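Asker: predicted model and sequence follow; I will ask about them next.
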Amino acid sequence: MERRYDIVTPEEIDEGRATDAYFGRTETILEAEGIDPEVVADVGEEVETPHVFAGLKDVAHLLEGTDVDLYALPEGSVFERAPVMRIEGSYAGFGRYETAILGFICRASAVATATARIKAVAGDVPIVSFGTRREHPATAAMIERSAHIGGADGVSHIAGAEAVGLEAAGTMPHALVISMRDQESAWKAYDEHIDDEVPRIMLCDTYEDEKKEAVEAAELLGDALDSVRLDTTGSRRGDMREIVEEVRWELDLRGYDDVGIFVSGGMGLEEVAELRDVVDGFGVGGSIASVPPVDFSLDIVEVDGEPAGKRGERSGRKEVYRDEEGEHVVPADETDETDYVRVLEDGESVHGFGMEDARGRVLSSLDLIEGHVADA
């Protein structure tokens, strides 16, 4: 039967079928040979700048019920050279899941990292994740959860937000203005029909000059207007800072100094840095949701108690910790220090996954992240 959508099901992931063919073949061969070693595997990637770890919750749920112990940095931790996870147990207990394990954390960590970098640059100016429209709908919950962990102050996807316990935020699209044939009718209808607790942020660049539409919105809605949104397309952008400053001038001149300015459309690190002192909020799309994944790999580093690592990998069980001198990765028998938490013990969950705790770790590390943004 043809699938309605091209989506791998949760059941297929749990069964270990969301994997690469050679893992299935490896399992067949080892079973036929009667080989099932006890292994230690590192999951990590040496990156050049501080990154944020996310996606652990899904990995833990995937490995529940298997014959493994899972140790990991808590979600929201900042890493550079350190393995983010360590898996110990029967290789047959988790080998088939390698593809899904990496898939759960590669994109989630990339989205969280991209968001944290933008948040570090934006400072106190709120940022909202607007990028799910650029990605497959099946990934929306992962994107919004990872963006929230990374420091986003709001997310836009309704189902994605609800799936992870958040409430979607947003303004109005050009489609509403165009459907109603003029901006004033759209602003008025929005104010009339949308719940009062939703901020009145009116799109002000559909047909006319941004400063003209902004003033018209302020005059139409008065005290009800919270902000105007400028989403000038790339072909008409010009100098966005100059546009924002003109809008601010015209609003202030008429006594609308309490009306904020929210900008979106092609916002990235450079644009946020350029505008953060003159705007009151950013909508950030592809620069959060569509970044390249972190290139994590899973590597066996110990077999049946003996160090064993492929060329280019450091063998043996390791511990990871960060102090005032930075990040440390050392042989496990040389230290009692560790930032790893035990997530699974014999396949049973022994660790919680507080999304707000993870977000707090990121927000407390923004100084470290901002110091390396220029090198990203």
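Answerer: Structure's in. What do you need?
Asker: can you give me the strands for the stretch 51-200 of the chain?
Answerer: 51-52, 68-72, 78-79, 85-90, 127-129, 154-155 (DSSP state E, counting those that start in this stretch).
Asker: ok, the third one: who's next to it in the sheet?
Answerer: For strand 78-79, sheet partners with direction are given as strand 51-52 (antiparallel), following DSSP bridges.
Asker: for this protein, what's the longest helix?
Answerer: Across the chain, the longest stretch assigned as helix under DSSP state H is helix 98-122.
Asker: before we move on, the earlier item: output the strands of the stretch 51-200 of the chain as TSV; include the columns mean pLDDT and distance to residue 164.
Answerer: Where you see a C-beta, it was placed from the backbone N, CA and C, and this is true even at glycine. Formatted as TSV, the strands of the stretch 51-200 of the chain follow (pLDDT from 0 to 100; distance: least, CB to CB, whole Å):
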stretch	mean pLDDT	distance to residue 164
strand 51-52	98	16
strand 68-72	98	19
strand 78-79	96	21
strand 85-90	98	21
strand 127-129	98	12
strand 154-155	98	9
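Asker: quick one: closest of these to residue 38.
Answerer: Proximity to residue 38 (CB to CB) singles out strand 85-90 among those, at 6.1 Å.
Asker: which parts of stretch 185-204 are buried?
Answerer: Residues of stretch 185-204 classed as buried: 186-188, 190-191, 199-204 (neighbour count, 16 or more other CB atoms under 10 Å).
Asker: nope, stretch 74-82 is what I was after
Answerer: 74-80, 82.
Asker: closest to residue 97 out of the residues you listed?
Answerer: Nearest to residue 97 among the buried residues of stretch 74-82, with distances taken as CB to CB, is residue 75, at 18.7 Å.
Asker: and the nearest residue to that closest one once chain neighbours are set aside, helix, strand or coil?
Answerer: Closest residue in space to residue 75, ignoring its immediate chain neighbours: residue 358 at 3.9 Å, by CB to CB, 6 or more residues apart in numbering. Of the three states, residue 358 takes helix under DSSP: H, G, I helix; E, B strand; the rest coil.
Asker: ok, residue 358 - contacts?
Answerer: 54, 74-76, 149 (CB atoms under 8 Å, 6 or more residues apart in numbering).
Asker: change it to 7 Å
Answerer: 74-76, 149 (CB atoms under 7 Å, 6 or more residues apart in numbering).
Asker: distance of it relative to residue 9?
Answerer: Per CB to CB, to the nearest Å, residue 358 is found 27 Å from residue 9.
Asker: one step back: model confidence for the residue nearest to residue 75, exactly?
Answerer: With respect to pLDDT, residue 358 scores 98.
Asker: over to the one 10 residues further on?
Answerer: If you check residue 368, the pLDDT there is 92.
Asker: the spatially closest residue to it that is not a sequence neighbour and residue 314: what is the separation?
Answerer: Closest residue to residue 368 apart from its sequence neighbours, by CB to CB, 6+ apart: residue 50 at 5.5 Å. To residue 314, residue 50 is 20 Å away according to CB to CB.
Asker: looking at the two, which one has more neighbours?
Answerer: More crowded of residue 50 and residue 314, by other CB atoms under 10 Å: residue 50, with 23 against 14.
Asker: hmm, residue 372 and the more buried one touching each other?
Answerer: Yes. Counting by CB atoms under 7 Å, residue 50 does reach residue 372; the two are 5.5 Å apart.
Asker: that's all I had, so thanks and see you.
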